[in-house]
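Novice: give me coordinates for this.
(chains A and B)
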Amino acid sequence: MKNTKEPFIHITRREGLPLWKGLLIRAAAVLIALILSDIVISAAAPRSQGFFGFFGALFSGAFGTERRIWLLFQNTFLLLGVAVALVVAFKMKFWNLGGNGQILMGCLACAICLKYLGGKLPDPLVWLIMLVTSLAAGALWAVIPAIFKAFFNTNESLFTLMMNYIAMYLVAFFISFWYPGGTGAMPPLTEGVLPPLGEGQMGKSLLPVLLFAVVTAAIYLYLRFSKHGYEVALIGDSKNTARYAGINVRKVIIRTLLLSGALCGLVGFVLTGSINRMVSTTMDGNMGFTGIMVAWMGNLDPLIMAGIAFFINFLTRGMAQVCTEFGFTSEALSDTVIGLVYFFFIGCEFFIRYRVHFAGRQKKQPGEETPASPEDGGQEQAPLPEDAGAKEAN
Amino acid sequence: MDEYALQLQNISKYFGSVAANKNIDLTLKKGEILALLGENGSGKTTLMNMISGIYYPDEGHIFVNGEEARISSPQDAFRYKIGMVHQHFKLIDIFSAAQNIVLGTKGSGLARINEEVKAIAEKYGFEIDPKKKIYDMSVSEKQTVEIVKVLYRGADILILDEPTAVLTPQETEKLFSVMRAMKADGKSIIIITHKLNEVMAISDRVAVLRKGEYIGCVDTADTDPASLTEMMVGEKITLNISRPEAHADRPLLEIRDLTVNSDEGSHAIENLNFFIRGGEILGVAGIAGCGQRELCEAIAGLRKIESGGIYHEGESIVGLSPRAISARGVAMSFIPEDRLGMGLAPSMSVTDNMMLKNYQDHGYGIKPLPLSDEDTPEQAKKKNARNRFTEFLNRHCPFVDRKKARAEAERIIEELDIVTPSTETPVRRLSGGNVQKVLLGREILIEPNVLITAYPVRGLDINSSYLIYDILNRQKEAGTGILFIGEDLDVMLALCDKIMVLCHGKMMGVVHAEKTTKEQLGLMMAGALDLEEEKGKPMGVAKDTRIGEDQA
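Specialist: Numbering: from 1, shown residues only, chains lettered A, B, ... in the order given. The predicted structure follows:
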């Protein structure tokens, strides 16, 4: 059936790929990315540790000591907490890109409480006030764009994004207000902070691990089984339908973003109230953006997202160790490798969703495009044939 | 070979494992009008998309004027002088007609384009104002722009995808005369349509597809609607819509002096008066945008009314929430142009769509304790207290009850013969007819006494349409008052008991379906005939739907 006029590359959609095959493709993609990075890094390193040294350092950075393991889990669950907070909004197709700002506002509210109430009120009361104000501050930062979206249909992506900067400069303002002559850094506070739950790193990390494990489970149940979760998914799928079902769309948008922002504020509460005991403009650790990636790579499913958050932190901490051992002083290389792994991991989705056919080798026609297919936009399912034209028209 | 403008050989196209087209052979002679007929999902649009460069065939050959052509993009299609007018217009609202027409071509200055467009229009008998903005245009004007756009680019082969679906009978006639003029000029035209009477009226030959396969091609002169239907469906079916005797009883829904604004703030519905009785189907005819949508939304409580009243069983429902109105038994199913946008959530499963209207009432499923006569007063008191408590719990349950919804989904699938792999399949994966059955099924699940249904057979093929008519008739016989907003006048004449005609939101009159004609309805829809103004009681006027003095 092949004829010479067929385009060189022909792409069709795959269907019914078994789960294990998909996982195998993803694992292979990650492995190839790591081996490539290994080769590049080993070749360029001032103190190369050899091909296997790379993997050794990678694992030792993540799991080398008890402290490292606890730090890995602490960061994983913090990131998971942020990602889960964002998923609540994403399910509604509300693109909350303001995670960083919402976390920072939680941190700032917490720091203000510590600064002015720490030591003056009984500790448990300070904790309670800290918790409430952090949640409220995070929620406030998310609900402002939500209100504008609900009533004036403003673009939430830009709005939430800009709110990040306002939060950052607010934090900078408070630091220079409190320490006018300082370097812009804030010394850790001691009074009113949350005490560790045990000895060593474990004592510090246990709170975020437990707290966000519970939060993740709760949000999973909320989105999947609750009436609120149903409304969120409905608005995400079709606002008109939600309206026709008699749902107050504005109310749900605002309610959902209050929850999303409050969860980010909760991360801020843990960061400032327990882990760092101070606030800085970079305390969010960019988790508001990394969380977006976790959410999407995890297909908005909290269980898969937990795996992705773990994997990302494993890479980050492992690569830091690789850089130290291989004698790199800059972090750029570490970022490059992590970027490479992302690239392969996300890129392999193409091969999971599509099958690529090459035309006969006899006649290669350069400069040819693959046939324009309207459903290339990354929709999950193949539209019904008759449906395809209509889809494209939308 | 040169007598053929277009020739397809062995064309196949697969989506995953589904064959949308399988070994299709099709020929289009120069200067002929070929009707392409087939049910939904028979692959008509897919086939046309391959000719116009949107898809590339997996197998087979396309010949244009006898030479093999490789069409891998719409630009290629234009090079081969093939132009397609899609069912959903692809025009830019804020541009003028001329700007839209010239878009994407290396056109000359706007003044010259206006002249050229006028020349094309005159040649074929179009009426078009090149300077008019698209947003000011009616549906038929937009369609004219689409056709002129294709002609402007020099197309010799035109593909029209369901062009008459949105037109009044008069507009359709106008379109057909234009098509005949184009044919006389040597253009070849493929027209996709569901309407057999139009096929008979306009085409020279008819090609029929069924389930992606080519069934055959016949000369229109040698065939008739019944045999075409048989080719299309694969079996003989009767083409008569049954209309059970109406047992119209008391008025269920009354509309008095209703005025509703459109989104833009102008009057979409003006001083409308009518009522629906139980056990009858009242049709609403009118060209697109004459206020049908606003009327539906106002009744369902989704749109604020400006003045007037809406009474359900004698009580005003103005100002009630949509949920409260639905709880009173007023159900609405509105099928918009994209067929999924309202009423259904496309990515959600059948189950999840089933609970759209009643998820709020889902409880824990705790059953109340049965009361019996043997209970001592004390026991009865205890039981009552417990039942009140469980009712309170159920009412405030934060969770949805998917088990219940799944059972409802299964019931609807069974009752309405919905073809779906499972209750957990997203509705957008179902074919059009089944999607619409899910929607209608959910609305009749709440056992409504007033059912408002807008375009329930929009885009459906014959078999599915008849199933929908059956469902509506069953509801009617059960005593439901049905407001049927339709677009196909033939269907409305056969199905409805009475037809109310709207033009620009004003009532043009209500007529008995048996005593009126398509032409009369067409004139009323266009605003040329206003029975409300006329005193002399023209034929077919149905008085009892219009609120008389005694009821007012």
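Novice: the closest residue to chain A within the stretch 301-450 of chain B: how many residues sit nearby?
Specialist: The minimum distance from the stretch 301-450 of chain B to chain A, using CB to the nearest CB, falls at B:Pro322 (3.4 Å). All C-beta atoms are positioned from the backbone trio N, CA, C, and that covers glycine. B:Pro322 has 21 neighbours, counted by other CB atoms under 10 Å in any protein chain shown.
Novice: just confirm B:Met231 contacts B:Ala207, I think it does.
Specialist: No. Look at B:Met231 against B:Ala207 with CB atoms under 8 Å: they stay out of range, at 9.7 Å.
Novice: what about residue 283, neighbour count?
Specialist: I went with chain A, as the question did not name one. Here the count is done by other CB under 10 Å, and A:Met283 has 24 residues near it.
Novice: try chain B instead
Specialist: The local packing of B:Gly283 (other CB under 10 Å) involves 24 other residues.
Novice: which positions within the strand or helix carrying A:Leu36 qualify as buried?
Specialist: Counting by DSSP states H and E, the element that carries A:Leu36 is helix A:19-44. Neighbour-count burial for helix A:19-44 flags A:22, A:26, A:29-30, A:33-34, A:37-38, A:41-42 (criterion: 16 or more other CB atoms under 10 Å in any protein chain shown).
Novice: now, which of these sits nearest chain B?
Specialist: Among those, and counting by CB to the nearest CB, the member closest to chain B is A:Gly22, at 15.8 Å.
Novice: just the pLDDT for the closest one.
Specialist: With respect to pLDDT, A:Gly22 scores 85.
Novice: excluding chain neighbours, what is closest to it?
Specialist: Spatial nearest neighbour of A:Gly22, chain neighbours left out: A:Ile352 (5.1 Å); criterion: CB to CB, 6 or more residues apart in numbering or on different chains.
Novice: the one you found should be in a strand, yeah?
Specialist: No. Counting by DSSP: H, G, I helix; E, B strand; the rest coil, A:Ile352 is located in no strand; its state is helix.
Novice: which SS state does the residue nearest the centre of chain B fall under?
Specialist: Residue closest to the average C-alpha location in chain B (CA atoms, centre = their mean): B:Arg458, at 2.3 Å. Counting by three-state DSSP, the backbone at B:Arg458 sits in coil.
Novice: what distance do you get for it to B:Gly433?
Specialist: Taking CB to CB, to the nearest Å as the criterion, B:Arg458 is separated from B:Gly433 by 11 Å.
Novice: hang on, the residue of the stretch 301-450 of chain B closest to chain A packs against B:Arg303?
Specialist: No. Counting by CB under 8 Å, B:Pro322 sits too far from B:Arg303 to count as a contact (9.9 Å).
Novice: quick one: neighbours of the closest residue to chain B within the stretch 201-350 of chain A, just the number.
Specialist: Using CB to the nearest CB, the closest approach of the stretch 201-350 of chain A to chain B is made by A:Gly246 at 3.4 Å. A:Gly246 has 19 neighbouring residues, counting by other CB under 10 Å.
Novice: and the stretch 401-550 of chain B, which residues reach chain A?
Specialist: Proximity of the stretch 401-550 of chain B to chain A (CB under 8 Å from any CB of the partner chain) is limited to residues B:402, B:426, B:428-429, B:431-432.
Novice: contacts for the helix or strand bottoming out on mean pLDDT in chain B, please.
Specialist: Counting by mean pLDDT, DSSP states H and E, chain B has its least confident helix or strand at strand B:330-334, which shows a mean of 79. Applying CB atoms under 8 Å, 6 or more residues apart in numbering or on different chains, the external contacts of strand B:330-334 come out as A:244, B:253, B:293, B:296, B:299-300, B:312, B:317, B:326, B:342-343, B:439-440, B:442-444, B:446, B:448-456.
Novice: that one pairs with which strands?
Specialist: Applying DSSP bridges, strand B:330-334 is found paired with strand B:450-454 (parallel).
Novice: average pLDDT for the strand it pairs with?
Specialist: Strand B:450-454 shows a mean pLDDT of 89.
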